[in-house]
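> sequence plus predicted model, see below.
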Amino acid sequence: MTSADTIPTLRIDRISRTLAGRAVVNALSLEVACGEVLGLLGVNGAGKSTTLRMIAGVLSPDSGQVLLGGADLYENPELARRGIGYLPERAPLHAELDVSEFLLFCARLHGLSRGEARVAVRREIERCDLGEVQHRLIGHLSKGFQQRVGIAQALVHKPTLVVLDEPASGLDPVQSLRMRELITELRANHAVLLSTHLLAEAEACCDHIAILHRGVLRHSCRVSQGETARLEQQFLRIAADLEPGTDL
């Protein structure tokens, strides 16, 4: 996805992981550079969340490498704290804190000084449209606002790579649209990797789509406008385990 002489922000090289005796991810290789949004597409159980957990440094692969800016993440684990912002499918929020308190807490965890953290929190509150709820308890917020807080905590330390697991899950149409707009805006300063099982979401905000099925990369392509029908057919064939060219 990148030129041969450019080191991508993220490169995963043949990573595999077995859980409970089952191969969940098998020899998966992908790249994403700053300025790109890569969508990892697949049905539930395809291995998307496991892949993102390995990339975020939460779960180690059985084999293969995760390279961040060319450096091995598992030989240099501090890279995850500094260089990766991660929003899991269930956002790691503290319901008893208000939004500003929680984001300040996250910024400090990522190693920012108190002054740097305050500046970072103000920046992300503005970027994620959280101003009207910044002093409200997170437990009292709607699902849409909680997801925005989740993205803000993933961005507060200015990571080079942003990893988002099903960021629009459970949102209403208006909230989903705003989430897509925010993800699209992130490409200006970050490499973004997101997982989804919604083709429309992937096409709306991604530059590339990689379709994962049963832990194996089955299709990868650059997104072109107006090709929803073709991508949908490709996705359905893969989900049904049909060979390319086979009628549904």
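Looks like it arrived, so ask away. Keep in mind it's a predicted model, so treat the numbers as computed, not measured.

> residue 166 versus residue 129, what's the distance?
20 Å (Cβ to Cβ, to the nearest Å). Where you see a C-beta, it was placed from the backbone N, CA and C, and this is true even at glycine.

> er, residue 223 actually
In terms of Cβ to Cβ, residue 223 sits 18 Å off from residue 166.

> what of residue 100?
Distance from residue 100 to residue 166, counting by Cβ to Cβ: 26 Å.

> so those two - more neighbours on which side?
More neighbours sit around residue 166 than around the other of residue 100 and residue 166, counting by other Cβ atoms under 10 Å; the figures are 21 against 17.

> what segments of the protein are strands?
Using DSSP state E, the strands of the chain run over 10-19, 22-32, 37-41, 63-68, 71-72, 84-87, 161-165, 191-196, 208-213, 216-222.

> skip the chain neighbours and tell me the closest residue to residue 220.
Spatial nearest neighbour of residue 220, chain neighbours left out: residue 210 (4.6 Å); criterion: Cβ to Cβ, 6 or more residues apart in numbering.

> so what's that neighbour bridging to?
With DSSP bridges applied, residue 210 shows beta-bridge pairing to residue 40, residue 220.

> for it, give me its contacts.
Each residue near residue 210 by Cβ atoms under 8 Å, 6 or more residues apart in numbering is listed here: 30, 38, 39, 40, 41, 217, 219, 220.

> how about 6 Å then?
Residue 210 makes contact with 30, 40, 217, 220 under the criterion Cβ atoms under 6 Å, 6 or more residues apart in numbering.

> check the strands of the chain for me: which has the lowest mean pLDDT.
Among those, strand 216-222 carries the lowest mean pLDDT, a mean of 88.

> can you show me the helices along the chain?
If DSSP state H is used as the criterion, the helices of the chain fall at 48-55, 78-83, 99-109, 114-127, 143-155, 173-186, 199-205, 228-239.

> okay if I get these as TSV plus mean pLDDT?
Converted to TSV, these look like this (pLDDT from 0 to 100):
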stretch	mean pLDDT
helix 48-55	95
helix 78-83	88
helix 99-109	96
helix 114-127	96
helix 143-155	93
helix 173-186	88
helix 199-205	83
helix 228-239	73
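
> nearest to residue 34, out of those?
For the helices of the chain, proximity to residue 34 was assessed by Cβ to Cβ; helix 173-186 is nearest, at 10.4 Å.

> go through that closest one and flag the buried ones.
Within helix 173-186, the residues that qualify as buried by neighbour count (16 or more other Cβ atoms under 10 Å) are 175, 176, 178, 179, 180, 182, 183, 186.

> so for residue 137, what's the nearest residue that isn't a sequence neighbour?
Sequence neighbours aside, residue 98 is the residue nearest to residue 137 in space, at 5.4 Å (criterion: Cβ to Cβ, 6+ apart).

> what sits against that neighbour?
Contacts here follow Cβ under 6 Å, 6+ apart; on that basis residue 98 touches 135, 136, 137.

> local confidence estimate at it?
Listed pLDDT for residue 98 reads 98.

> circling back: TSV please, covering the strands of the chain and showing distance to residue 94.
Rendered in TSV, the data for the strands of the chain read as follows (distance: least, Cβ to Cβ, whole Å):
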stretch	distance to residue 94
strand 10-19	28
strand 22-32	29
strand 37-41	28
strand 63-68	27
strand 71-72	31
strand 84-87	15
strand 161-165	19
strand 191-196	24
strand 208-213	31
strand 216-222	36
